[in-house]
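Colleague: Pasting a predicted model and its sequence here:
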Amino acid sequence: MRPELIHPLVVAFPLALLLLGSAFRIVAFLAKTVELYDTYFWFSRLIITIGLCFGILALITGEISHYFIHDMLCVHDTIEWHEFFAYTTMLLYGAGLLLDWRKSEIKPIKILCSMIYWIAPIFLILTGLYGGKLVFEQGAGVEKVCKGRTTPDAVK
């Protein structure tokens, strides 16, 4: 397997888990009872922790992919923005989780964490947007020639 193809396999996990964890946190913030709040809060914490672990793995595999595909790209700004949003996303979720686990009983910290979990998904979506641009607009990691048939890219 080509090393640059590991990153697309790994990124689905943190994307799904972090978005789901943020959704649970938003639902917890809007919960009407303390029991519901505690349940959704605990689930969001667990899911975001697992998502952050997979996110770190996605960052590592992304750096490996960057090494292999950087010279194939026409517009290098796209991968730089993709990296910026990926690292910012992980920093936001990491900071939120750190505050969450350390001082979760203090009300202003809970509100700050909730705000982080409302903002971080925006950065996560922007990371995915730029990742999609890398693949679909610049063909990052895409093999241009199919065996047995000619594609429009192969003719050039």
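Modeller: Received it, and whenever you're ready, just let me know what you need.
Colleague: residues in contact with residue 117?
Modeller: With contacts defined as CB atoms under 8 Å, 6 or more residues apart in numbering, residue 117 is in contact with 21, 22, 25, 26, 44, 48, 93, 96. All C-beta spots, glycine's among them, are computed from the backbone N, C-alpha and C.
Colleague: now do 6 Å
Modeller: Residue 117 makes contact with 22, 25, 96, according to CB atoms under 6 Å, 6 or more residues apart in numbering.
Colleague: Touching stretch 89-98 from outside, list them.
Modeller: Here stretch 89-98 makes contact (CB under 6 Å, 6+ apart) with 48, 52, 55, 113, 116, 117, 120, 123, 124, 127.
Colleague: go on, stretch 25-41?
Modeller: With CB under 6 Å, 6+ apart as the test, stretch 25-41 has contacts from 24, 44, 114, 117.
Colleague: Kindly report the same for stretch 7-22.
Modeller: Residues outside stretch 7-22 that contact it (CB under 6 Å, 6+ apart) are 44, 47-48, 50-51, 54-55, 57-58, 61-62, 65, 117, 121, 124.
Colleague: any idea where the helices of the chain begin and end?
Modeller: Under the criterion DSSP state H, helices of the chain are mapped to 6-10, 12-30, 34-69, 76-103, 107-136, 152-155.
Colleague: export those to TSV and tack on distance to residue 142 and mean pLDDT?
Modeller: As requested, the helices of the chain are exported to TSV (distance: least, CB to CB, whole Å; pLDDT from 0 to 100):
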stretch	distance to residue 142	mean pLDDT
helix 6-10	10	89
helix 12-30	18	92
helix 34-69	9	92
helix 76-103	14	90
helix 107-136	7	89
helix 152-155	9	49
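Colleague: Go through those and pick out the most buried.
Modeller: Among the helices of the chain, judged by mean count of other CB atoms under 10 Å, the one packed with the most neighbours on average is helix 12-30 (a mean of 19).
Colleague: Kindly export it (C-alpha atoms) in PDB.
Modeller: Coordinates of the C-alpha atoms in helix 12-30 are reproduced here as PDB (Å, rounded to 0.1, in the frame of the first residue of the first chain):
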ATOM      1  CA  ALA A  12     -13.000   9.300   8.700                       C
ATOM      2  CA  PHE A  13     -12.800   8.300  12.400                       C
ATOM      3  CA  PRO A  14     -11.900  11.600  14.000                       C
ATOM      4  CA  LEU A  15     -14.300  13.400  11.600                       C
ATOM      5  CA  ALA A  16     -17.200  11.300  12.700                       C
ATOM      6  CA  LEU A  17     -16.300  11.100  16.300                       C
ATOM      7  CA  LEU A  18     -15.500  14.700  16.900                       C
ATOM      8  CA  LEU A  19     -18.700  15.900  15.100                       C
ATOM      9  CA  LEU A  20     -20.800  13.400  17.100                       C
ATOM     10  CA  GLY A  21     -19.000  14.500  20.300                       C
ATOM     11  CA  SER A  22     -19.700  18.100  19.600                       C
ATOM     12  CA  ALA A  23     -23.400  17.300  18.800                       C
ATOM     13  CA  PHE A  24     -23.700  15.500  22.200                       C
ATOM     14  CA  ARG A  25     -22.200  18.500  23.900                       C
ATOM     15  CA  ILE A  26     -24.600  20.900  22.300                       C
ATOM     16  CA  VAL A  27     -27.500  18.600  23.200                       C
ATOM     17  CA  ALA A  28     -26.200  18.400  26.800                       C
ATOM     18  CA  PHE A  29     -26.000  22.200  26.900                       C
ATOM     19  CA  LEU A  30     -29.600  22.400  25.800                       C
END
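Colleague: Lovely, talk soon.
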